[in-house]
Structure formats: C-alpha cells, structure tokens
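S.K.: Make a model of this:
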Amino acid sequence: MLPRLRALHDHFLQRMTDRPHRPARLILDVDSTVLDLYGRQENARMGYNPIKRGRPSYHLLLCFEGQSKDYWRGELRPRDAHRVAGVQTLLQACFAKRTEPRQRVIVRADIGYYDRTFVRWLEENQAHFVIVAKLTAPVKRKLPGLRYHMVSRGIEAAEFEYQPNTCRMHFVLW
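M.R.: Numbering: from 1, shown residues only. Have a look, this model is predicted:
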C-alpha cells in the first residue's frame, strides 16, 4: 500500500512542479519530529520525548523542498531510531525525483545531522549543504580572526575550514 501511495504522491508532485522555467537549484530541508502515540501501535517504542516523557512514540524523518515548501518524502520510524539513521535513503529518493538531472541540490539540516558519514555521503553525491554545528571550543577559537563579508543588508558571513578528527568541514557563519 505504501509504495502505491508514494507513487501517487510523486505523480501529483511532478505535475505541480513541472513548469517551463524550473529553478536552477533544489533546496531540500531535512528534519525529524516526535509523534506521540496512544494505545498499541506497531513499532511504537520509548525514546527521547521532550514533551511527554515515557510515552511510546514514532520518530518521523521528513524532507520538504525549501523554496516551494512542498513535502517530498517522509519515513515513519521507531522512536529509538537515531536521528541520522535513514536520512541517506530518504535523500536518495528525493534526488531521484529531480526533473533536471544536473539541477544543483542544497541540503539544509539541523545539528542532529552533523555526522561524518552523512557529510561524506553528501559530498560523494555532489550536494551542497548547510548543517548546523555545535559551537565547540576549537570552533570558538577561530571566530575572532575571521573576516566577515556583507551578504545583504544586516547579514554578514564568514567561512573557514575545520577538521575535527578525520572529517574536514567547511563552515559558513552568518
């Protein structure tokens, strides 16, 4: 049933986004959320639940297109699933929906997706990305020496390379 529902969704999404002047880039926003459960649902598990501690729940993994705000894909997972688990599979399905194979893809995600394996996967798939990173002491030490450039009125940015352990990261600060 789920594959048929996804196919129907993808058909309507294709029809809605099929227009003569397609955007040059695709922005994919990845996030997760907790869905509290009542009763006995399949695969319901206890996990981190900031609002209703001890309540069985699902951990939804979602992807929306950042410009149109259209829903592109989602996965219903047990609550104890790690946040980054399954994100590559989810994004592979989203990449496959591109109408232009060479369309530039930008992935945006919060700190829960700041993961070495995920970053490498994004680089291997030639995706640009913005992932929130924890402001650790080594990163804080870099901040005073940076040169900021005005991006637009009231917004300045600086960037630098940082290598925690074995994964090289490129930071852009706003």
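
S.K.: how does the protein divide up, domain by domain?
M.R.: Domain segmentation of the chain under automatic domain parsing yields 2-132, 134-174.

S.K.: Same list, those, but as TSV with mean neighbour count please.
M.R.: Backbone N, C-alpha and C define where each C-beta goes, glycine included. Formatted as TSV, the domains of the chain follow (neighbours: other Cβ atoms under 10 Å):
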stretch	mean neighbour count
domain 2-132	15
domain 134-174	11
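
S.K.: Give the closest residue to D31 in space, chain neighbours not counted.
M.R.: L62 (5.5 Å; Cβ to Cβ, 6 or more residues apart in numbering).

S.K.: From the contact counts, what lies against the host helix or strand of the one you found?
M.R.: Assessed by DSSP states H and E, L62 sits inside strand 57-65. Strand 57-65 sits against strand 25-36, strand 71-78, helix 87-96, with contacts defined as 3 or more Cβ pairs under 8 Å, 6 or more residues apart in numbering; DSSP states H and E.

S.K.: Go through these and find the least confident stretch.
M.R.: Confidence, taken as mean pLDDT, is least for strand 71-78 of the helices and strands packed on strand 57-65 (a mean of 83).

S.K.: which residues does the residue nearest the centre of the chain contact?
M.R.: Centroid-nearest residue in the chain: V30, 2.5 Å away (criterion: Cα atoms, centre = their mean). Contacts were defined as Cβ atoms under 8 Å, 6 or more residues apart in numbering; by that measure V30 touches 61-63, 87, 90-91, 107-109, 113.

S.K.: okay, how far is it across stretch 62-72, tip to tip?
M.R.: End-to-end span of stretch 62-72 (Cα to Cα, to the nearest Å): 8 Å.

S.K.: Could you do stretch 104-119 as well?
M.R.: First residue to last in stretch 104-119 (Cα to Cα) measures 17 Å.

S.K.: related to what we said a few turns ago, quick one: which of the domains of the chain has the weakest pLDDT on average?
M.R.: When the domains of the chain are compared by mean pLDDT, domain 134-174 comes last with a mean of 76.

S.K.: Show me the strands in this structure, by range?
M.R.: Counting by DSSP state E, the chain has strands at residues 25-36, 57-65, 71-78, 104-109, 128-131, 149-152, 155-162, 169-173.

S.K.: quick one, what contacts the closest residue to L60 other than its chain neighbours?
M.R.: Counting by Cβ to Cβ, 6+ apart, L60 lies nearest to T33, which is 5.1 Å off, once chain neighbours are set aside. Residues in contact with T33 (Cβ under 8 Å, 6+ apart) are 59-60, 62.

S.K.: and which of those is nearest to T136?
M.R.: Closest approach between the contacts of T33 and T136, by Cβ to Cβ: H59, at 25.7 Å.
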